[in-house]
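Participant: Need coordinates for the following:
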Amino acid sequence: MKKLDSSFYARNACNVAENLIGKILVHDSHDGITSGIIVEAEAYRGPEDKAAHSYAGKRTARTEIMYHEGGLAYVYLIYGMYYCFNVTASVPGKPEAVLIRALEPLEGIPLMIQRRGISDIRNLCNGPGKLCSAMGITNEHYGLNLCGNELYITEGVKDFRVMTSERVNIDYAEECKNFMWRYFAEGNKFVSKVKQNRPHVSTDGK
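Facilitator: Modelled structure (predicted):
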């Protein structure tokens, strides 16, 4: 499959998130290759988005990579134990990102099972922390160029109908918690089970 090039990521996070559904995330690690079809992603739109780490132009050692070009890995730790993998979007100086929330496992499933310590394939990658564990993604990948040969995204293998809903676990974000910036593949069994009660067809980014 052809890798996505830098121009794919040089758009606002909503465009990138929607168009990542159906694409394939690949990690070529020393343990082996793992990959999965992206079936769920959330957009975070930077300074004007109260749910974004870069809200109000916040710039720290953690968020610094978001101020660079699109197509870089933004990895951070939550609850002191789970990594989350994000793709930077837009252009330098506009700190936007897309959180990859779920994958449909594709390649290297035995390795994913070993890393996760479970045998239920449906639960390997149906959440941001789960997929990082299964794919072997850690803070060592922070800032990695996703157009390289270690961690990258390729064209997809499935033509999903993309749906939208509110994002997950951002009740602190006031009015921004209602933005329909979560994109997912309709009817896909590997999507996380949260907030599928009020989806509608997305038209953003076409």
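
Participant: give me every residue that touches Asp159.
Facilitator: Taking CB atoms under 8 Å, 6 or more residues apart in numbering, we find Asp159 in contact with Gly22. Placement of C-beta: from N, CA and C, glycine included.

Participant: Could I get the pLDDT score of it?
Facilitator: As predicted, Asp159 sits at a pLDDT of 83.

Participant: Can you name the helix or strand that it falls in?
Facilitator: With secondary structure defined by DSSP states H and E, Asp159 is part of neither a helix nor a strand.

Participant: where in the protein is pLDDT low?
Facilitator: The chain contains residues with pLDDT under 70 at 194-206.

Participant: quick one: the residue lying farthest from the centre of the chain and Ile113, what's the gap?
Facilitator: In the chain, the residue that sits farthest from the middle, by CA atoms, centre = their mean, is Ser119; the gap is 23.2 Å. Noted for Ser119: a distance of 6 Å to Ile113, by CB to CB, to the nearest Å.

Participant: How about Tyr76?
Facilitator: Tyr76 is 25 Å from Ile113, where distance means CB to CB.

Participant: Let me see the ranges of the helices in the protein.
Facilitator: Ranges of helices within the chain are 6-9, 13-20, 109-116, 128-135, based on DSSP state H.

Participant: Grab the most central residue of this structure for me.
Facilitator: Ile100 (1.5 Å).

Participant: just checking, it touches Gly127?
Facilitator: No. Taking contacts as CB atoms under 8 Å, Ile100 lies outside contact range of Gly127: 10.4 Å.

Participant: What is the neighbour count of Ala56?
Facilitator: If you count neighbours by other CB atoms under 10 Å, Ala56 ends up with 11.

Participant: Contacts only, for it.
Facilitator: Neighbouring residues of Ala56 by CB under 8 Å, 6+ apart: Pro47.
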